[in-house]
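K.L.:
okay, sequence plus prediction incoming.
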Amino acid sequence: MYSTDEQRRLFDLSKSLLQGRQADLFSEPPAQTAEDLRQVLQYHEWRYYVQNDPVISDFEYDLLYKQLEALEREHPDLITPDSPTRRIGTDLMENAVQVNHLIPMLSLDNSYNAEDLKAFDESVKKLCKLGADTDIEYCVEPKYDGGTIVLVYENDRLVRAATRGNGYTGDEITANMRTLRTVPLKADFSRHGIFKTELRGEALIRKDIFEKINAVRLSAGEQTFANPRNAATGGLRMKDPREAAERGLEAFIYQLGYATDEQGNNVLGKFRSHDESIHLLGSLSFKTPLVKASADQHLPATKSCRNIEEVIAFCQSWQEYRDEYPYELDGMVVKVNSLELQERCGYTSHHPRWAMAFKFKARQATTRLRDVEFQVGKTGAVTPVAKLDPVPLAGVTVQNVSLHNEEFILSKDIRIGDQVLVERAGDVIPYIVKSLAELRDGSERPVEYPKNCPVCHSPLVKPEDEAVWRCENAACEAQVLARMIFHTSKAAMDIEGMGESTIERFYKLGWLHTITDLYRLEYDKVAQLDGFGEKSAANLRLAVERAKQNPIHRLLHSLSIHHLGQKAGKLLAAEIEHVLDLKEWDMERYQQIKDVGPVLARNVYNFFQNEQNIALLQEMEALGVNMKQTPEDMKADVNTDGVLYGKSILFTGTLSQMTREEAEKRAASAGASIASGVSKHLNILVVGEKAGSKLKKAQALGTVEIWSEMEFIERISN
Ligand code: IVH
């Protein structure tokens, strides 16, 4: 166990070692640096393997590891027997039965970019004594992020299963593995001359099943798992095999590590290549990277690449695709395909020299929360924004992250000065997962929520039915600016060239006070500004003139009325001749429109009862902004009265009465949205002839209505 002080020291030391490496500024003697690296690596291994709760990203761990490796390479005298580079990580449990693997299960070396992979390719060629211009064939497959398993079959029967442990010895988990449907209890190895064999693979939990497990745990008041990997590694070791079975573990096998005949002779030599051995395992009913994980997986999980360029392209495609794959991956594994060449490459004490992991960009990182700022939005909502020490994350540098509202900050006990864990998955906006309370030194302070608007200082209020505090002063400078920025944005009036920075600039020059001023600009003055000139000023004028002719649904949307979005703008526009007609409407009249609820009705009603707002609109009209309904306003995009309104629909197979395109058009005009694939969000699947995997998937989901083409035609004609 590490004390809080010790953890903090090791954490700070890790960060300074990471920075030192970037700046190349080691002032400490190498022996001290080596000792520091050993200590921090040991600490992070404990957080990762024992606590299942790492405080730095895998990427940062690897950087530290590589520093130590490099240092030991330069100063071999600094190597100690307890150095983390001398062993391969352990997840052994104290009370479990331990078994020796038939051959050691090493780790993998890691790479992060194309250069690393090219360097790996060069080293393979050197080790194999091949010319620099020969192409090496590689097999590339997912690097599954679950729990490692090692299976032993003897005489065609599963006789033993174990975890990876320390690479030489693992915890015995045979009973649990026997419950997995993906682990054949009997496999016909003898037909291929194999009597005893050791297979390596990964036990995984599918992401959607993981979500369900957590939902159940949450409702039962139990602690949830941080990620599918933790749920899987925990599942491997359940005391009761029935519980292990319930966890939905699946075994993917990615390596035939050992194979002997009845006399004990090595028969691995029968295989020419890695992919040949994987095909054999596939034919014996093992789940391998060869199988598609879902019907609509469009990228194969494994590929034999002719050279390193193909490897790089394939790895990059998977980096993009990873979020669509139903299982968690943390990278790809690149393996020299020929077993003969693998042998020529050999091994270090840590990893095979013929394989390389290509790690995907980290999605999590720890960094310091410097401060919290409060931003006022267009409707007055005050949002706390975390100001972080800039940190690279999945390809971008993150330094501002929304903290949403007060409740979010309180529930996560986030304090200024904390180390926080930030995550950015796929295209998702970065968010703060948690603060690392154990690393506090006492200097952290709670986030103080302001009582007054940080910009106009009027008192903030928190409406009962809302989670946010609001500034209710509509004339607040921050709100005025935010509303102008929204007014001109693409979604609203779409005035090209009038973005955030231009508006802020004009505002500072005193040219803009209300949105009406956007239509009163003096373009000869604009032309004089640095970076503008005649042409840009003329273009801006043109964009403003064009916007004046917009259909009124855009204008309605652009007014920043809370809850009035694009769709509500269209619904309202279709009901009026002139925008100012709404002055005469009462609350009931709004609610006669389908899909307009009481909250929106009240907001719009209040807006149009306000004299100032009416004056603003009248001024705009005088400046030439269109206020009258146009044909486009009548043509609501979404047919909210359609029989399929609110439903998502998908067509599969060959239709006999119409083309797929026509069918989709008719579904859309009946109000449906057209789905791109079968998922739990799909409502209706219309099946034509020869429907295949989509139908099967929808049936398996059990939540999708399945219609014939005739049924579809009947429904939309009614
Ligand atoms: S090959 C001699 N292939 O990565 C090394 N490992 O090994 C043989 N892993 O925890 C490993 N997916 O469980 C290999 N397709 C794959 C893999 C894979 C995941 C894991 C493995 C182990 C770590 C390093």
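P.N.:
Arrived safely, thanks for sending.

K.L.:
quick one: pLDDT of Arg95?
P.N.:
I think there's a mix-up here, since residue 95 is Asn and not Arg. pLDDT for Asn95: 65.

K.L.:
er, Leu556 actually
P.N.:
At Leu556, the model reports a pLDDT of 96.

K.L.:
assign it to helix, strand or coil.
P.N.:
Secondary structure, DSSP: H, G, I helix; E, B strand; the rest coil: Leu556 is helix.

K.L.:
helices along the stretch 551-700 of the chain, start to end?
P.N.:
Here the stretch 551-700 of the chain has its helices, by DSSP state H, counting those that start in this stretch, at 552-558, 566-573, 587-591, 598-609, 611-622, 631-634, 660-669, 693-701.

K.L.:
which among the ones you listed is found nearest to the ligand?
P.N.:
Proximity to the ligand (Cβ to the nearest ligand atom) singles out helix 693-701 among the helices of the stretch 551-700 of the chain, at 24.8 Å. In short, each C-beta sits where N, CA and C put it, glycine included.

K.L.:
which of the helices of the stretch 551-700 of the chain sits closest to Gly269?
P.N.:
helix 693-701 (38.8 Å; Cβ to Cβ).

K.L.:
the helix or strand just after the closest one: how far from the chain's middle?
P.N.:
For helix 693-701, the succeeding helix or strand toward the C-terminus, using DSSP states H and E, is strand 705-708. Average the C-alpha atoms of strand 705-708, do the same for its chain, and the two points are 32 Å apart (Cα atoms, centre = their mean, to the nearest Å).

K.L.:
mean confidence for the strand or helix carrying Val99?
P.N.:
Taking DSSP H and E as the definition, Val99 sits inside strand 98-100. With pLDDT averaged residue by residue, strand 98-100 scores 93.

K.L.:
got it, and stretch 511-531?
P.N.:
Stretch 511-531 carries an average pLDDT of 95.

K.L.:
sorry, back to before: give the partner strands of the strand holding Val99 in its sheet and their orientations.
P.N.:
Sheet pairing here is set by DSSP bridges, and for strand 98-100 it gives strand 169-171 (antiparallel).

K.L.:
what residues does the strand it pairs with touch?
P.N.:
Around strand 169-171, the neighbours that count as contacts under Cβ atoms under 8 Å, 6 or more residues apart in numbering are 91-93, 96-101, 105, 150, 162-165, 237.

K.L.:
ok, of the residues you listed, which come out buried?
P.N.:
Buried subset of those (neighbour count, 16 or more other Cβ atoms under 10 Å): 91, 99, 101, 105, 150, 162-165.

K.L.:
check for me that Tyr258 belongs to a helix.
P.N.:
No - according to three-state DSSP, the state of Tyr258 is strand, so it is not within a helix.

K.L.:
which ones are touching Glu310?
P.N.:
Taking Cβ under 8 Å, 6+ apart, we find Glu310 in contact with 138, 303.

K.L.:
hmm, the helix or strand where it lies in reach of the ligand?
P.N.:
Using DSSP H and E, Glu310 sits in helix 308-321. No - Helix 308-321 stays clear of the ligand (Cβ under 6 Å from any ligand atom), getting no nearer than 12.0 Å.

K.L.:
could you give the mean pLDDT of that helix?
P.N.:
Rounded mean pLDDT across helix 308-321 is 94.

K.L.:
then stretch 71-86?
P.N.:
For stretch 71-86, mean pLDDT is 84.

K.L.:
before we move on, what about stretch 575-587?
P.N.:
Mean predicted lDDT for stretch 575-587 stands at 94.

K.L.:
before we move on, what about stretch 412-432?
P.N.:
Stretch 412-432 carries an average pLDDT of 85.

K.L.:
likewise for stretch 610-620?
P.N.:
Average pLDDT, stretch 610-620: 94.

K.L.:
the helix holding Glu310: which residues count as buried?
P.N.:
Buried residues in helix 308-321, counted by 16+ other Cβ under 10 Å: 308, 310-312, 314-315, 318-319.

K.L.:
so where's the stretch 351-500 of the chain shaky on pLDDT?
P.N.:
Along the stretch 351-500 of the chain, segments meeting pLDDT under 70 span 425-428.

K.L.:
and whichever residue of it sits closest to the ligand, its phi and psi?
P.N.:
Nearest residue of the stretch 351-500 of the chain to the ligand, counting by Cβ to the nearest ligand atom: Pro352, 4.7 Å away. When read as degrees, to the nearest 10, the backbone of Pro352 gives phi -70, psi 140.

K.L.:
who does the helix or strand harbouring Val382 pair up with?
P.N.:
Element membership of Val382, judged by DSSP H and E, is strand 381-393. Sheet partners assigned to strand 381-393 using DSSP bridges are listed as strand 364-376 (antiparallel), strand 396-402 (antiparallel), strand 469-471 (antiparallel).

K.L.:
just to revisit the earlier point, give me the contacts around the strand holding Val99.
P.N.:
Strand 98-100 has contacts (Cβ under 8 Å, 6+ apart) with 92, 160, 162, 165, 168-172.

K.L.:
CSV for those residues, including distance to the ligand and pLDDT?
P.N.:
Conversion of these to CSV gives the following (distance: Cβ to the nearest ligand atom, whole Å; pLDDT from 0 to 100):
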residue, distance to the ligand, pLDDT
Leu92, 14, 61
Arg160, 17, 96
Ala162, 12, 96
Gly165, 11, 90
Tyr168, 13, 92
Thr169, 15, 93
Gly170, 11, 93
Asp171, 14, 93
Glu172, 17, 94
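
K.L.:
which two of those residues have the greatest separation?
P.N.:
Once Cβ to Cβ is applied, those give Leu92 and Arg160 as the farthest pair, at 16.1 Å.

K.L.:
near the ligand, which residues of the chain are found?
P.N.:
Counting by Cβ under 6 Å from any ligand atom, the residues of the chain that sit close to the ligand are 106-108, 141-144, 148, 164, 202, 254-255, 333, 352, 355.

K.L.:
nearest to Gln7 among those residues?
P.N.:
For these, the nearest to Gln7 is Ser107 (24.8 Å; Cβ to Cβ).

K.L.:
can you show me the helices along the stretch 1-150 of the chain?
P.N.:
Listed in chain order, the helices of the stretch 1-150 of the chain (DSSP H, counting those that start in this stretch) span 4-23, 30-45, 58-74, 114-127.

K.L.:
turn the strands paired with strand 381-393 into CSV, columns for mean neighbour count.
P.N.:
Listed next are these as CSV, based on neighbours: other Cβ atoms under 10 Å:
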stretch, mean neighbour count
strand 364-376, 19
strand 396-402, 15
strand 469-471, 22
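
K.L.:
and the end-to-end length of stretch 587-606?
P.N.:
End-to-end span of stretch 587-606 (Cα to Cα, to the nearest Å): 9 Å.

K.L.:
kindly report the same for stretch 258-268.
P.N.:
Using Cα to Cα, the distance between the terminal residues of stretch 258-268 is 7 Å.

K.L.:
also stretch 492-511?
P.N.:
End to end - Cα to Cα - stretch 492-511 spans 21 Å.

K.L.:
in the sheet, who's paired with the closest residue to Phe120 other than its chain neighbours?
P.N.:
Computed as Cβ to Cβ, 6 or more residues apart in numbering, the closest residue to Phe120 that is not its neighbour in sequence is Met356, at 4.6 Å. Met356 has the following beta-bridge partners by DSSP bridges: Val334.

K.L.:
wait, Met356 touches Asn113, no?
P.N.:
No - contact criterion Cβ atoms under 8 Å: Met356 and Asn113 do not qualify, at 11.9 Å.
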